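Student: okay, sequence plus prediction incoming.
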Amino acid sequence: MRSLVRLWPFARPVRARLGIAACVAVLASCLSLVIPLVLKWLVDGPVAARDPGGVWLGGGCLLLLGVAEALLFGLRRRLVARPLARVEAAMREALYRHLQRLPVSFHDRWSSGQLLSRGTTDLQLVRLFLAFPLTFLLVNATTILVGAVLLLVQRWSLGLVLLAPVLPLMVLCSVFEAKYGRAARLTQDQLGDLTTVVEESVLGIRIIKGFGRHRSQARAFRRLTHALRTSELRKARLLTWILGFNTTLPEIAIGGALVLGTLQVADGALSAGTLVAFLSTALALRWPVESIGFLLAMANEAASATERYFEVLDEPAVDETGRGGPVAGGRAVGGTAVGGPATDVREAREPAAADGPAKESHAPDGPAPAPPREKPPAASGAGGLVFSGVVFRYPDAPPDDPPLLKDVTLHIRPGETMALVGATGSGKTTLTSLVPRLYDPTAGRIVLDGRDLATLSRQEARALVAVAFEEPTLFSATAAENVLMGAERAHEGELRRALAVAQADGFVDALPEGSATQVGEQGLSLSGGQRQRLALARAVVGRPRFLILDDPLSALDVHTEALVEAALRRVLATTTALVVAHRPSTVLLADRVALLSGGRIAAVGTHQQLLRDNPEYASLMSGEGEGAR
Ligand SMILES: Nc1ncnc2c1ncn2[C@@H]1O[C@H](COP(=O)(O)OP(=O)(O)OP(=O)(O)O)[C@@H](O)[C@H]1O
């Protein structure tokens with residue numbers, strides 16, 4: 001109940017419709033209880049008096065009652081169908097909107113299948129609950145109550161016989177509820193895991209086929225489906241069990257009342273009409289009693305679906321416009337959903353601006369002998385991009401693990417391009433993720449053109465910073481739309497310029513519909529290098545003040561890489577950039593290079609300086625270093 005009560009904010013806008021529909025259903029159900037009373041009148045009156053006119057009248061009344069009952073139930077269905085589809089859509093929208101606002105650390109922890117199943121099957125269960133069990137638990141309870149009163153009024157002794165199973169059935173139903181609730185939760189979680197496996201298998205179909213792993217994948221899938229089938233069978237057994245009791249006990253009671261009633265009619269203590277009416281009322285109550293089992297089952301499934309839904313909605317979201325950390329869970333209802341694909345860090349709208357005065361940087365201490373230590377700049381006064389004593393530990397890292405970034409201090413001067421080099425797993429991507437505030441530093445400061453990043457909202461930070469990751473993600477949209485995610489208001493000229501910088505104009509123009517061609521998952525498949533170039537175009541289209549490139553040219557051939565680099569140099573000349581680099585060719589794009597090692601900036605200098613003075617750097621660049629690529 002506690003979970004289901006939380007649906008109220010979503011059901012509130014349609015409460016009037018739901019209320020009217022429930023009243024209509026109660027009325028329809030009560031009409032069915034009038035039928036036995038007409039029968040009693042018919043049997044004791046016109047039938048006993050052999051009055052054909054009265055029989056026709058009674059038959060006509062019964063027909064009218066039946067038609068009215070059917071029409072009322074039809075009306076109920078019409079009243080709820082459309083509003084409930086809206087409730088489901090609003091809940092899905094709220095979930096999607098909240099997912100967009102959740103921090104990256106949340107998405108690191110949650111599997112996509114669990115999120116998908118919560119946004120699809122779980123919400124369908126909730127809609128079904130609002131459409132049927134919610135109304136019919138109320139309707140059935142009212143019908144049973146009214147019917148019980150009618151039975152007792154007609155013949156209290158027979159009524160008591162019929163009501164005898166009520167108490168044992170209530171106990172059985174509450175035992176069933178507890179057991180079924182647990183089974184429903186388990187099934188829904190297993191369905192989420194299964195969705196993850198299906199999604200991974202579809203996305204990784206090339207790997208599965210390439211390594212001939214379809215059999216082992218099928219075995220893993222079978223294990224999960226077997227577990228799901230076992231849980232589903234348990235639910236079915238529980239349902240059979242409660243339906244059995246809900247049918248048998250009332251049937252036994254009706255049988256007992258029939259025997260007792262017949263004896264009373266034979267003794268002349270009861271009229272035949274009363275017995276017919278009594279039994280008809282009892283039979284009319286059969287369905288409301290029998291259906292309680294599966295209505296409770298549906299309610300339990302909806303309760304655990306609601307619980308799973310709110311587990312996501314209760315996760316604290318990040319406030320994109322505020323300056324602090326996470327905010328309370330997204331309970332807001334209504335509003336506009338984020339349309340189209342997610343755009344975490346792709347906005348970059350502001351043109352390159354005049355930068356403040358450059359500060360002299362010095363080499364850090366640490367394992368490398370040269371160059372001298374990078375002096376922590378006076379953060380608020382320095383232009384460019386400044387990391388000052390930055391410490392970072394992943395939220396889900398074991399508590400006794402040391403931080404990944406221990407003390408990163410680095411100053412990238414305005415307009416300067418700094419290459420970031422380090423062994424695999426040294427934390428380069430992690431460091432770059434801090435700049436667009438995908439994660440916040442555990443300690444220390446990051447300053448953009450004199451403004452502490454912690455004092456900027458995520459929106460402000462992302463308006464200044466554009467990012468291209470090593471894994472280029474394209475969405476099911478046109479090539480142009482994918483690029484323009486980097487700057488919504490950019491015009492055609494800027495799109496062409498960005499495509500040219502990324503050397504993507506040639507292949508984009510050759511697509512069947514040029515830049516209007518659908519690409520991404522449901523569009524044309526592009527090569528890794530083509531995807532990377534579109535992602536690069538997306539990063540530069542808004543002429544960002546700060547550009548973060550995470551090994552953006554790794555999938556390009558030597559020739560294309562040289563062309564992209566030549567064009568990129570012009571962009572980088574007016575941008576403060578941090579470029580994660582694994583190859584000398586990428587490093588040469590940069591004015592200086594920073595070596596990340598042991599969670600610190602171990603050395604800063606030009607490529608030539610570091611090659612000469614720093615053995616670790618030299619080894620990484622020669623490809624000999626442990627973990628170098
Ligand atoms: N979400 C996460 N939660 C916990 N640990 C993480 C997470 N993401 C990355 N790590 C860990 O942080 C370390 C650094 O990862 P990161 O991707 O920053 O390295 P990198 O230097 O960019 O590596 P590469 O050169 O291979 O791209 C790795 O050991 C990785 O396992």
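Tutor: Ah, there it is.
Student: what does the chain put close to the ligand?
Tutor: Selection of the chain residues close to the ligand by CB under 6 Å from any ligand atom yields 108, 394, 396-397, 404, 422, 424-430. Quick note: C-beta positions are derived from backbone N, CA and C, even for glycine.
Student: hmm, which of those are the buried ones?
Tutor: For the residues of the chain next to the ligand, a burial check counting by 16 or more other CB atoms under 10 Å picks out 404, 422, 426-430.
Student: could these go into a markdown table alongside pLDDT and distance to Ser271?
Tutor: Listed next are these as a markdown table, based on pLDDT from 0 to 100; distance: CB to CB, whole Å:
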| residue | pLDDT | distance to Ser271 |
| --- | --- | --- |
| Leu404 | 91 | 87 |
| Gly422 | 90 | 96 |
| Ser426 | 89 | 94 |
| Gly427 | 90 | 90 |
| Lys428 | 91 | 92 |
| Thr429 | 90 | 87 |
| Thr430 | 91 | 87 |
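Student: so which of the residues of the chain next to the ligand belong to helices?
Tutor: When DSSP state H defines the helices, the subset of the residues of the chain next to the ligand inside them is 108, 428-430.
Student: identify the farthest-apart pair in those.
Tutor: Asp108 and Lys428 (17.3 Å; CB to CB).
Student: and the closest residue to the ligand within the stretch 1-150 of the chain, what does it touch?
Tutor: Closest approach between the stretch 1-150 of the chain and the ligand, counting by CB to the nearest ligand atom: Asp108, at 3.8 Å. Applying CB atoms under 8 Å, 6 or more residues apart in numbering to Asp108 gives the contacts 394, 396.
Student: for it, give its distance to Arg531.
Tutor: Distance, Asp108 to Arg531, by CB to CB, to the nearest Å: 23 Å.
Student: now do Val198
Tutor: From Val198 to Arg531 the distance is 24 Å (CB to CB).
Student: these two: who's more crowded?
Tutor: Taking other CB atoms under 10 Å, Val198 and Arg531 do not tie; Arg531 has more neighbours (20 against 14).
Student: tell me which helix or strand the more buried one sits in.
Tutor: Assigned by DSSP states H and E, Arg531 falls within helix 528-540.
Student: give the next helix or strand downstream of that helix.
Tutor: For helix 528-540, the following helix or strand on the C-terminal side (DSSP H and E) is strand 546-550.
Student: tell me the angle that following strand makes with helix 528-540.
Tutor: Interaxial angle of strand 546-550 relative to helix 528-540 (axes from the mean of the first three to the mean of the last three CA atoms, to 10 degrees): 160 degrees.
Student: tell me which element the residue of the stretch 151-300 of the chain at minimum distance from the ligand falls in.
Tutor: Evaluated by CB to the nearest ligand atom, the stretch 151-300 of the chain has Thr196 as its residue closest to the ligand, separated by 17.0 Å. Counting by DSSP H and E, the element that carries Thr196 is helix 166-203.
Student: same deal with Phe106?
Tutor: Per DSSP H and E: helix 104-109 holds Phe106.
Student: and if you look at Ala466?
Tutor: Applying DSSP H and E, one finds Ala466 within strand 465-468.
Student: so what are the sheet partners of that strand and their directions?
Tutor: strand 546-550 (parallel) (DSSP bridges).
Student: quick one: average pLDDT of the partner strand?
Tutor: Strand 546-550 shows a mean pLDDT of 87.
Student: list the buried ones in stretch 549-569?
Tutor: Those buried within stretch 549-569 under the rule 16+ other CB under 10 Å are 549-556, 560-561, 564-565, 567-568.
Student: next, the contact list for the residue most central in space within the chain, please.
Tutor: Nearest to the geometric centre of the chain sits Leu115, at 3.8 Å (CA atoms, centre = their mean). If you count contacts by CB under 8 Å, 6+ apart, Leu115 has them with 99, 312.
Student: now do the phi/psi pair for it.
Tutor: Per-residue torsions, Leu115: phi -70, psi -40 (degrees, to the nearest 10).
Student: chain center to stretch 161-175: distance?
Tutor: On the basis of CA atoms, centre = their mean, to the nearest Å, stretch 161-175 sits 41 Å off its chain's mean C-alpha point.
Student: stretch 218-225 too?
Tutor: The chain centroid and the centroid of stretch 218-225 are separated by 24 Å under CA atoms, centre = their mean.
Student: and for stretch 586-606?
Tutor: For stretch 586-606, the distance to the chain centre is 39 Å (CA atoms, centre = their mean).
Student: what does stretch 145-161 give?
Tutor: Put simply, stretch 145-161 sits 51 Å off its chain's centre (CA atoms, centre = their mean).
Student: same deal with stretch 489-508?
Tutor: With CA atoms, centre = their mean, you get 33 Å for stretch 489-508.
Student: mind checking the end-to-end distance for it?
Tutor: 20 Å (CA to CA, to the nearest Å).
Student: in it, which residues are buried?
Tutor: For stretch 489-508, burial by neighbour count (16+ other CB under 10 Å) applies to 490, 494-499, 501-505, 507-508.
Student: now stretch 54-64
Tutor: Buried residues in stretch 54-64, counted by 16+ other CB under 10 Å: 54, 57-58, 61.
Student: residues contacting Val390?
Tutor: Applying CB under 8 Å, 6+ apart, we find Val390 in contact with 405, 407-409, 431, 434, 441, 443-446.
Student: in which helix or strand does the closest residue to Gln124 other than its chain neighbours reside?
Tutor: Residue nearest to Gln124 in three dimensions, not counting chain neighbours: Glu88, with 7.2 Å by CB to CB, 6 or more residues apart in numbering. Using DSSP H and E, Glu88 sits in helix 52-101.
Student: same thing with Leu595?
Tutor: Assigned by DSSP H and E, Leu595 belongs to strand 592-597.
Student: name the residues that touch that strand?
Tutor: Contacts with strand 592-597, where a contact means CB under 8 Å, 6+ apart, come from 361, 366-368, 374, 408, 410, 416, 418-423, 426-428, 431, 581, 587, 601-607, 610, 614, 616-617, 620.
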